[in-house]
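# here is my input; please provide its structure:
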Amino acid sequence: MVFWKGSSPASETAFDPTHRFVTSWILPPGGLFAVRALLSLYAFTTIFFIFGWYGTHGLTQASERSFSYFTNLTYWGLAFYFAFSALHTGSYWLTGLPFLARWPRFLQNLHSIFYTTIVVFPWLVTIVFWALLYSRFYTEFQTWTNTSQHALNSVFAFIEIILPRTAPLPFLHIIPLIILLALYLGLAYLTHDTQHFFVYSFLDNRTHSKGVVAGYCIGILVAAIVIFLLVRYLIWSRIWISEKQLGLHGKWSSRGSNQRLTSPEEGKEVAMIDLPVRKE
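Next up is the predicted model:
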């Protein structure tokens, strides 16, 4: 599935011609919609409950500062991604054509990149938190919020890797991941310059030398690239097992038309066979 080639939506080279983003190899469209909608609901509930708790405990500044933390930004990303992916899946389930297929190619490409961030960044957040930042939790509230944002976030990412029929991540997507990490690094130091605190202690160049801080930054970048590669080939393995070995080519909307099954990235990554699409 080559996301940067343009053509008509009905053609073989169209963006996501067999609706991999909105279908599952094991769940019917209605089931995939329900899973994504529930995950979005949980993520938004968590975010706004935290805001409410801060507000009722005299910690409104913590809410204001929350937008400077990579953890919180990625959690907002999870909440919005699952909301939009549920919308796309629901529209496919009910009409046979997802809203995603009707969007301009530019927005379709952005959705593809959005998916990549969703299945990569949560793992990075989880690894950095438990390896570098965790000490202990003192209250039930801390236990729940940190579990939701630093453990369940990766569970959500794993669900998006395993359940949908999405194709392996394009190598080209490494570039926007690096750009986003660089932009966040700028935000972290902008936060220090304007609000006079470091969002993460390992970025503090007052207690660490510049070499140590640079080492942390390079290490996180390398970790992100390694995670990207692991996720890419985990998705490749899921396709190979589900479609090549088990013959589970997807659960389809009863309102959709039969489509020719094509391989991810125009057949270069996983060899597929042409079969009529089974509607369920």
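
# pretty sure P176 is touching S112, no?
No. Contact between P176 and S112 fails when scored by CB atoms under 8 Å: they sit 10.0 Å apart. Any C-beta I mention is one placed from the backbone N, CA and C, and that applies to glycine too.

# common neighbours of these two, please.
Counting by CB atoms under 8 Å, 6 or more residues apart in numbering, no residue touches both P176 and S112.

# neighbour-wise, which of these two wins?
S112 (23 against 16; other CB atoms under 10 Å).

# what separation do you get for the more buried one and P28?
23 Å (CB to CB, to the nearest Å).

# how about H196?
Distance of H196 to P28, computed by CB to CB: 53 Å.

# okay, these two: which has more neighbours?
Neighbour count, other CB under 10 Å: between H196 and P28, P28 has more, with 18 against 7.

# how about the contacts made by the residue nearest to the spatial centre of the chain?
In the chain, the residue lying closest to the centroid (CA atoms, centre = their mean) is I118, at 1.1 Å. By CB under 8 Å, 6+ apart, the residues touching I118 are 77-78, 81, 156-157, 160.

# out of those, which is nearest to T23?
E160 (13.1 Å; CB to CB).

# biggest helix in the protein by residues?
Looking across the chain with DSSP state H, the single longest helix is helix 210-239.

# buried set for that one?
213, 216-217, 220-221, 224, 227-228, 231-232, 234-236, 238-239 (16 or more other CB atoms under 10 Å).

# over to stretch 146-163?
Neighbour count says stretch 146-163 has 146, 148-150, 152-154, 156-157, 160-161, 163 buried, by 16+ other CB under 10 Å.

# equivalent analysis for stretch 186-204, please.
187-188, 191-192, 198-200, 202-203.

# let me have those residues in JSON lines, adding pLDDT and secondary structure as columns.
Converted to JSON lines, these look like this (pLDDT from 0 to 100; DSSP: H, G, I helix; E, B strand; the rest coil):
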{"residue": "L187", "pLDDT": "96", "secondary structure": "helix"}
{"residue": "A188", "pLDDT": "95", "secondary structure": "helix"}
{"residue": "T191", "pLDDT": "94", "secondary structure": "helix"}
{"residue": "H192", "pLDDT": "92", "secondary structure": "helix"}
{"residue": "F198", "pLDDT": "91", "secondary structure": "coil"}
{"residue": "V199", "pLDDT": "93", "secondary structure": "coil"}
{"residue": "Y200", "pLDDT": "92", "secondary structure": "coil"}
{"residue": "F202", "pLDDT": "90", "secondary structure": "helix"}
{"residue": "L203", "pLDDT": "91", "secondary structure": "helix"}
